[in-house]
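In: Okay, sequence plus prediction incoming.
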Amino acid sequence: MPTFLNLNLVLTRASRTLRRGLAMALLLTLSAAPLLAARPAAAATAGDIEAAKSLVEDEKYYDAFSKLEDILNTVSPDDPARNAAQLVQGRVLMGLSLYQSALRSFDAVTVSAEHPFYKEKIKYFLQIQRAVPGDLATLERLADAPETVHNQDDLDEVHFLLGRYYYGVGEYDKAIAKLQVIKPAAHEFYLKARHLTGVIYTLPKMMKYDMAVESFKDVLRFEEIVGAPSYFAQYRDMANMSLGRLFYSARQFEAAGRYYDRVTEGTSAWLDSLFELGWTYFQIGRIDRVLGELHTLNSPFFEDRYYPEARVLEALILFRTCRFSETLVTVQKFLRDYKPLKKELDAQLSGQRTDAEFYDYLFSLSRDKKSLSVQLRRIFNVALSDKRLQRSFGAVVQANDEYAGLEKLERNTKATAAATQLREDMGRVRAVMIAEAGGLARQRLTRVREDLTEIIRQGLRIKYESLKARRGSISDTVRADMAETAKATTEPRQEDVEHIVWPFDGSYWRDELGGYTYEAQSKCTAKEIGRAAIGADAPKVGGKGGTKLDKAGASGADKGDGDKSEGGK
């Protein structure tokens, strides 16, 4: 069973927002407090604030910060000038790319929704969200703001951000309500919205199969409505992958295969589509195409990619075609590669490191790649490429940059007490972010280890069954599987104006990848599967005796007709 059958896990993983964690709780707590306790003094003049604004316009941010802190230290909490100064101070911190600190300053602007300052600070919250994608603090503030405060040109973006936010916190009906108002004229936000809508409709609580299919197909229809701008290709591939997975889970394997086959060759999703296409061909009995896709995945071009299950699938097919010696060779090679790898992974995850220490350890590994084997680096690359984890790592990088920026502010401003307070607060937030990222990384690598353990177990089971079969001991269940595989079909490639059939000679060429077929005739006899299963009417696998691997140049795999049964694009 392929691991991607859990559609919820696979489709939602790319769309999760940065989880609500201690770092955000700490940030909210810090945001509620003013930067410094105000000291009773004379009211600041409008001229002082205007002078600070002029410094901001001239990008003299350090001088502006000092001047504004002088103002904030002299005005009373109820002086209207305080809100004006806090708003300009937020602009200063934005100019220095100190976004979390700017958020605190804008939060200190306490005005009603009707006040002009309110609309302005909401505008800056949106800018912070653009600079720090997925930041929960700004998303929560945008969710609380009335829609009327936003500029018309920003509404589609805000609708998508709020839809993604509500999706992340499990309020799916609210998410759909925000996403469904986005029209094709919104361009990329429309594509994002339709894909996320499709993802939501695959969730157990929201499962609407037809709505999910139509949402993903809306992404494909965009090309007919608007055209194919440069950003469209990645969303087209995402939609084709999602439709392939959706149809696979519904056991509509022919439809699933057509969509997998449409993923653009050479893209980051292409190898995943080949692997999942291999499972699809397996379900419909096209073992010639399964082995061809697996041959591509095992090529030297993709040595840095991690597909251990592909080896087990290959061994399973060889076993079911009664090629027991070849099965044992394949399984033994798999076990030789992956059992030591699991031990190495166990060693990396052992010990009593805290989450923060584990993050530091991963960071040191990223700078000293020679300390890991090539195979283990492959696992780490796969595990740590999880998009949720990448967002968490990105938040740490942003926090590190901001901490360094606050140290620089501390050195270049006269208001050192205020800068020090900001830096210390950011240090506490950063520490929590680091621990959260380390914890997520440990969880992800632990899941990969568990998956690898299960795949190794499956490999050992195939080895055990192969050894039994060589002694003539085959269970009724295994015989039934062998009989079913013996009925598999193969369609030998025919030469045409674009293709020639060329016997594989051991060398790989990039333009041949994805175009291999493997003619494997079942060697099962009546002894293994019984006479009825191999009677005269049973279709044969392959046109010649033995095994032959061919490769088709150029476009390779059949592209199939348009999706007529499901309504096309």
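Out: Structure received. Residues are numbered from 1 along each chain as shown.
In: Name the nearest residue to Gln332, ignoring sequence neighbours.
Out: Counting by Cβ to Cβ, 6 or more residues apart in numbering, the nearest residue to Gln332 once its immediate chain neighbours are dropped is Lys463, at 7.4 Å. Every C-beta, even on glycine, is put in place using the N, C-alpha and C of the backbone.
In: show me the contacts for the one you found.
Out: With contact taken as Cβ atoms under 8 Å, 6 or more residues apart in numbering, Lys463 is in contact with 327-328, 331-332, 335.
In: From these, which land in strands?
Out: Residues of these located in strands (DSSP state E): none.
In: In ChimeraX, how would I select just the buried ones from those residues?
Out: What follows is the ChimeraX syntax for the buried subset of the contacts of Lys463, where burial is set by 16 or more other Cβ atoms under 10 Å:
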select :327,328,331
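In: what element comes up after the one helix or strand the residue nearest to Gln332 maps to heading to the C-terminus?
Out: When elements are defined using DSSP states H and E, Lys463 is found to belong to helix 416-470. Next in sequence after helix 416-470, counting helices and strands by DSSP H and E, comes helix 476-486.
In: what mean pLDDT would you report for whatever helix or strand comes next after that next one?
Out: Sequence order places strand 501-503 as the next helix or strand after helix 476-486, per DSSP H and E. When the per-residue pLDDT values of strand 501-503 are averaged, the result is 71.
In: Within its sheet, name the partner strands of strand 501-503 and how each one runs.
Out: Paired with strand 501-503 in the same sheet, following DSSP bridges, are strand 547-552 (antiparallel).
In: quick one: average confidence on the strand it pairs with?
Out: Mean per-residue pLDDT for strand 547-552: 36.
In: repeat for stretch 269-285
Out: Per-residue confidence for stretch 269-285 averages out to 87 on the pLDDT scale.
In: For that stretch, buried residues please.
Out: Taking 16+ other Cβ under 10 Å as the basis for neighbour counts, the residues of stretch 269-285 that come out buried are 269-282, 285.
In: quick revisit: ok, the residue nearest to Gln332 to Phe334 distance?
Out: 9 Å (Cβ to Cβ, to the nearest Å).
In: Quick check: the gap between Ala526 and Ile317.
Out: Ala526 sits 21 Å away from Ile317 when distances are taken as Cβ to Cβ.
In: nope, Arg449 is what I was after
Out: If you measure Arg449 against Ile317 using Cβ to Cβ, the figure is 26 Å.
In: which one of the two has more residues nearby?
Out: With other Cβ atoms under 10 Å as the criterion, Arg449 and Ile317 differ in neighbour count, and Ile317 comes out ahead with 24 against 18.
In: Doesn't that one belong to a helix?
Out: Yes - checked against DSSP: H, G, I helix; E, B strand; the rest coil, Ile317 lies within a helix.
In: Could you check how many residues crowd around the closest residue to it other than its chain neighbours?
Out: The spatial neighbour of Ile317 that comes closest, neighbours along the chain excluded (Cβ to Cβ, 6+ apart), is Ile287 at 5.2 Å. Neighbourhood size, Ile287 [other Cβ under 10 Å]: 26.
In: again, but for Thr477
Out: Neighbour count of Thr477, defined by other Cβ under 10 Å: 8.
In: can you check Ala347 too?
Out: Counted by other Cβ under 10 Å, the residues lying close to Ala347 total 10.
In: again with Thr267
Out: Using other Cβ under 10 Å as the criterion, Thr267 is surrounded by 14 other residues.
In: Can you report phi and psi for it?
Out: Backbone torsions for Thr267, taken as degrees, to the nearest 10, come to phi -80, psi 170.
In: And it, how far from Asp218?
Out: From Thr267 over to Asp218 (counting by Cβ to Cβ), the distance is 21 Å.
In: same deal with His295?
Out: Using Cβ to Cβ, one obtains 35 Å as the distance from His295 to Asp218.
In: out of those two, which sits in the more crowded spot?
Out: For His295 and Asp218, the more surrounded residue by other Cβ under 10 Å is His295, and the numbers stand at 23 against 20.
In: May I have the secondary structure class of the more buried one?
Out: For His295, the secondary structure call by three-state DSSP comes out as helix.
In: isn't it right next to Tyr518, touching?
Out: Yes - the pair His295 and Tyr518 qualifies as a contact (Cβ atoms under 8 Å) at a distance of 6.5 Å.
In: count of neighbours near Ile49?
Out: Other residues near Ile49 number 18, with proximity taken as other Cβ under 10 Å.
In: Repeat that for Arg305.
Out: Quick note: Arg305 (other Cβ under 10 Å) scores 14 neighbours.
In: Leaving out the residues flanking it, which one is nearest to it?
Out: Closest residue to Arg305 in three dimensions, ignoring its sequence neighbours and counting by Cβ to Cβ, 6+ apart: Leu271, at 5.9 Å.
In: coming back round to it: let me know the angle separating the helix holding Lys463 from helix 476-486.
Out: Our comparison of helix 416-470 with helix 476-486, counting by axes from the mean of the first three to the mean of the last three Cα atoms, to 10 degrees, yields an angle of 90 degrees.
In: so how far is helix 416-470 from its chain's centroid?
Out: Averaging C-alpha coordinates over helix 416-470 and over its chain gives two centres that are 15 Å apart (Cα atoms, centre = their mean, to the nearest Å).
In: which residues touch Glu188?
Out: The contact partners of Glu188, by Cβ under 8 Å, 6+ apart, come to 231, 235.
In: Adjust the sequence numbering to begin at 518 for everything that follows.
Out: Noted, 518 is the first residue going forward, which turns the last one into Glu705.
In: so where's the stretch 968-1086 of the chain uncertain?
Out: Filtered on pLDDT under 70, the stretch 968-1086 of the chain yields the residue ranges 1006-1010, 1016, 1021-1029, 1031-1034, 1036-1037, 1047-1086.
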